[in-house]
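Visitor: Sequence plus predicted model, see below.
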Amino acid sequence: MSSEERPPSEGEHVVSEETVEQVLRHADANLKSSLDRLLQLLRIPSNSCDARYAPQCRDAAGWIANELSSIGFEATVRPTTGNPMVVGHKRQTAGPHVLFYGHYDVQPVEPLEAWEADPFNPQLKKQASGDTHIVARGASDDKGQLLTFIEACRSWIAVTGHLPIGVSMFFEGEEESGSPSMDMFLEQAGDELSADVMLLCDTYLWKDSVPAVTIMFRGILEEEIEITCAGRDLHSGAYGNAARNPIQVLAELIASLRGINGEVAIEGFYDGIQDLDKDVKEALLKLDFDADQFLNSAGLSQSAGDTAYSVLEQIWTRPSCELNGIEGGYYGAGLKTIVPSRALAKLSFRLVDGQDPDKIRSMFRAHVRARMPSDCKVKFTGLGGSRAAVLSPNNQYLALARAALEQEWNCEPVLIGSGGSIPIVSVVKHRLGLNSLPIGFARSDNRHHSPNEKYDLSSFKKGIRSWIRILAELSKCGIDGVGCAAGSSATGDAAVLGA
């Protein structure tokens, strides 16, 4: 085995600045090839929300496994009860070992007529700014972003013959449909995925030229309720007044979920919520967040949330209860004069540190049952849930990653929150005891889950370069007093990165 082929031995994993620059130059010189590979992946319609696309999801998994194998990873496609996982390893004898997560599945494309071109025939659209938009379903969420990491590894291996640290990767094909196969997969493969920290790239930049590390994710609880009153739809002339109307029962119930100041009115809902870490709160206060612009961009002029908190606090640090959809009665053309027999609603709760999804589910169902008329029935269907994740800003992995981002972007990366949820962050913490470091390069206008989703070529390039630098910086763990102990704790049960 030549010196280029063998992995570095103990003490050899320290990376020189000259080597980093060589790897960066390789990535820049081969950007077109990287883009060509992204376009290949985008052409595979790996929609996990429709079982008819299961063969295409398998194709996408196979494509990724082949690419990993081509750069020296031990890569395999792992069957599950649903779409397959892809697992790849390239281990080293020195330095930390990281696990990178991404998802190759995509959202449905409907409404198809709103797309300017075939969603799975990626378009390259030059912009007046000089940038290029890569327009396709999955361009940013998450195929383009996951490929930034693979391409960074490709350049490291092409230039040096190895990676500066050990790397494992795993990619799922059901993230967009609730990850139903994840629990069983982690039970079977959890030991194989052991690492010092998990990296993922499914988040956003703070501004177009300002990188960010997401230090908090809200958890989620999804519920469906069905209320049935009469045994059949009734004539509103014959039964009106006398018959209980389930739509009215549902409307009154929905109204009872929020208080006069916008707070959630479920009994005990706020019990156990932890105070925000003071360092995290200070980091958020430093952000230049324009609440009016945020609301105006959605066609709104005022917040409907808890008036005791700012808009940024409402969407990042406070729990919420939202009605996602209702169904009941007749809503076709014209009028059908009935008292319907049933009404249905779908709701989601965004949860924060200290809230247990199972306890919130019990509180919600008790709230509903207490308000149900005696001659009505209610059926509950749980649609999923996960805990919140709060990251401490004092972890050395985070410090090294931020240093690498600052080198690449020539500005200090910010710490941000997310009103949304990435369940894998919480799942790997609680099932595998594995901390996470979420870094993303999507822009706020990338239209995730919407028609004409796009990814900026400049972000794709900067993402590759950023991961090259991050891998180099993480190789410093345990050297010259840099401590990067795995598994340290932070605030509450939902902590992801510890101090």
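Guide: Nice, I can see it.

Visitor: can you give me the strands for the stretch 251-400 of the chain?
Guide: For the stretch 251-400 of the chain, applying DSSP state E, counting those that start in this stretch gives strands covering 320-328, 338-339, 342-351, 377-386, 389-390.

Visitor: In a markdown table: those strands, plus mean pLDDT and mean neighbour count.
Guide: Quick note: C-beta positions are derived from backbone N, CA and C, even for glycine. Output for the strands of the stretch 251-400 of the chain, formatted as a markdown table (pLDDT from 0 to 100; neighbours: other Cβ atoms under 10 Å):
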| stretch | mean pLDDT | mean neighbour count |
| --- | --- | --- |
| strand 320-328 | 94 | 15 |
| strand 338-339 | 92 | 22 |
| strand 342-351 | 95 | 21 |
| strand 377-386 | 91 | 15 |
| strand 389-390 | 80 | 30 |
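
Visitor: would JSON lines of those with distance to Gln123 be doable?
Guide: Formatted as JSON lines, the strands of the stretch 251-400 of the chain follow (distance: least, Cβ to Cβ, whole Å):
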{"stretch": "strand 320-328", "distance to Gln123": "31"}
{"stretch": "strand 338-339", "distance to Gln123": "48"}
{"stretch": "strand 342-351", "distance to Gln123": "33"}
{"stretch": "strand 377-386", "distance to Gln123": "34"}
{"stretch": "strand 389-390", "distance to Gln123": "35"}
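
Visitor: the helices in this structure, which residues?
Guide: Listed in chain order, the helices of the chain (DSSP state H) span residues 17-29, 31-42, 54-70, 143-160, 182-189, 236-239, 246-255, 278-285, 291-296, 311-316, 357-369, 396-409, 423-432, 457-474.

Visitor: and Ala265, which of the ones you listed is closest to it?
Guide: helix 357-369 (8.2 Å; Cβ to Cβ).

Visitor: Would you mark the buried spots in that closest one?
Guide: Using 16 or more other Cβ atoms under 10 Å as the test for burial, helix 357-369 gives Pro357, Ile360, Arg361, Met363, Phe364, Arg365, His367, Val368.

Visitor: between that helix and helix 246-255, how many degrees?
Guide: Going by axes from the mean of the first three to the mean of the last three Cα atoms, to 10 degrees, helix 357-369 is angled at 130 degrees with respect to helix 246-255.

Visitor: Just give the closest residue to Met85, not the sequence neighbours.
Guide: Nearest residue to Met85 in three dimensions, chain neighbours excluded: Arg78, at 4.4 Å (Cβ to Cβ, 6 or more residues apart in numbering).

Visitor: So the one you found is in contact with Val87, correct?
Guide: Yes. Arg78 lies in contact with Val87 (Cβ atoms under 8 Å); the separation is 5.7 Å.

Visitor: which strands and helices sit next to the least confident helix or strand in the chain by mean pLDDT?
Guide: One helix or strand of the chain scores below all others by mean pLDDT, DSSP states H and E: helix 278-285, with a mean of 77. The contact analysis (3 or more Cβ pairs under 8 Å, 6 or more residues apart in numbering; DSSP states H and E) places helix 278-285 against strand 212-217, strand 414-418.

Visitor: Tell me which of the ones you listed is the most buried.
Guide: strand 212-217 (a mean of 26; mean count of other Cβ atoms under 10 Å).

Visitor: Excluding residues flanking it in the chain, which one is nearest the residue nearest the centre of the chain?
Guide: Closest to where the C-alpha atoms of the chain average out (Cα atoms, centre = their mean) is Ile422, at 3.6 Å. Leaving aside its sequence neighbours, Ile422 sits nearest to Phe217 (Cβ to Cβ, 6+ apart; 5.4 Å).

Visitor: Identify all residues paired with that neighbour through a beta bridge.
Guide: Counting by DSSP bridges, Phe217 forms beta bridges with Ala389, Ser418.

Visitor: so it makes contact with Ile424?
Guide: No. Using Cβ under 8 Å, Phe217 is not in contact with Ile424; the gap is 10.0 Å.

Visitor: which stretches of this structure have low pLDDT?
Guide: Along the chain, segments meeting pLDDT under 70 span 1-13, 478-499.

Visitor: let's see it at 80
Guide: Within the chain, the stretches with pLDDT under 80 are 1-14, 93-94, 275-285, 390-394, 421, 478-499.

Visitor: relative to its centroid, which residue of it is most remote?
Guide: Ala238 (51.4 Å).

Visitor: quick one, domains of the chain?
Guide: With domains defined by automatic domain parsing, the chain comprises 17-215+389-474, 219-273+319-386.

Visitor: Enumerate every residue touching the spatially closest residue to Trp63 that is not a sequence neighbour.
Guide: Leaving aside its chain neighbours, Trp63 sits nearest to Leu41 (6.0 Å; criterion: Cβ to Cβ, 6+ apart). Each residue near Leu41 by Cβ atoms under 8 Å, 6 or more residues apart in numbering is listed here: Ala60, Trp63, Ile64, Tyr104, Gly138, Lys143, Leu147.
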